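Sequence first, predicted coordinates after that:
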Amino acid sequence: MNFLPSIRLSGFVAIVILGLSACANTPHTSVIQPLEKSAVVPYEKLLVLGLFNRYEVRELGERKLVQDINKGGTVAVAATSLMTTTMPLNAKTISAVIAESGADAVLVIQLLNADDEKIKVKSRDPKTSYKVNPLGYYSNFYYPGGYYNVWEVSVQEYMEPKYLERKMKLTLMTELFIPKTRERVWAIESKANVVRDLSRPNYHPFMNAEAAQIVKYLRADDIIEKVAATR
């Protein structure tokens, strides 16, 4: 049962997202499809589904979104938490995961475009350390009287190796679907300029910024609960 008409797996984004560095600006987000009047909001339970071909990438994006959504009253579940690393990402698998989750709505995030600019080689700033040791009283054959306040100073300069930097422009689409009606009821698009440092493959601030933007728009349209329910 394939009811997500805009699904397309983003195979080339795997390395891109896994290698994002600290230099990522706040995504510029715009509403592509305003919330449909037929939507009954806020939703009690959302399934978060990342459409990337690598499990690690999907898990990364879904986990951050789930964490931010769960700060309110809506319960969010990551699709990867209901899948194994070897399960294929296709219509059959997605339909099974949606049914198992029992979610009222499905939040789908996927990459629309990634424009890479040329790779640049940059040098890091050198670091210099100074070590100063007081020697105190100094005396030898030529200066039998000695000198006071004699110091030893050593200087050591450390030069970090050069690193590769790649600038990219990413465009991400986030859509909200209703399983019962197979209807898309809401969609936003985010664009951001990102600088990728190839020497830091496990640092992902862009996903944090993107998740914050998505949740901001979800709350603005009352799609999710803003305050956690009192238990």
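Everything's here; your move. Numbers count the residues shown, from 1 in each chain.

Which positions in stretch 178-198 come out as buried?
178-179, 184-190, 192, 194-197 (16 or more other CB atoms under 10 Å). The way it works is simple: take the backbone N, C-alpha and C, and place the C-beta from them, glycine included.

Closest one of those residues to Leu49?
Comparing these against Leu49 with CB to CB places Pro179 closest, at 11.4 Å.

Not counting sequence-adjacent ones, nearest residue to that closest one?
Leaving aside its sequence neighbours, Pro179 sits nearest to Ile98 (CB to CB, 6 or more residues apart in numbering; 5.4 Å).

Where does that neighbour fall, secondary structure wise?
Per DSSP states H and E, Ile98 falls inside helix 91-101.

Check which residues of that helix are buried.
By 16+ other CB under 10 Å, the buried positions in helix 91-101 come out as 94, 97-98, 101.

Would you confirm that Val185 contacts Pro179?
No: judged on CB atoms under 8 Å, Val185 makes no contact with Pro179 at a distance of 11.4 Å.

residues bridging contact with those two, i.e. touching both?
When CB atoms under 8 Å, 6 or more residues apart in numbering defines a contact, the residues bordering Val185 and Pro179 alike are Ala105.

Dihedrals phi and psi, Asp68?
The phi/psi pair for Asp68 (degrees, to the nearest 10) reads phi -70, psi -40.

Tell me how many other residues crowd it.
20 (other CB atoms under 10 Å).

Show the model's pLDDT score for it.
For Asp68, the pLDDT comes out at 95.

List the contacts of stretch 65-85.
For stretch 65-85, the surrounding residues in contact (CB under 8 Å, 6+ apart) are 42-50, 55, 58-59, 62-63, 93-94, 97, 100-101, 103, 107, 109, 211-212, 214-215, 218-219, 224-229.
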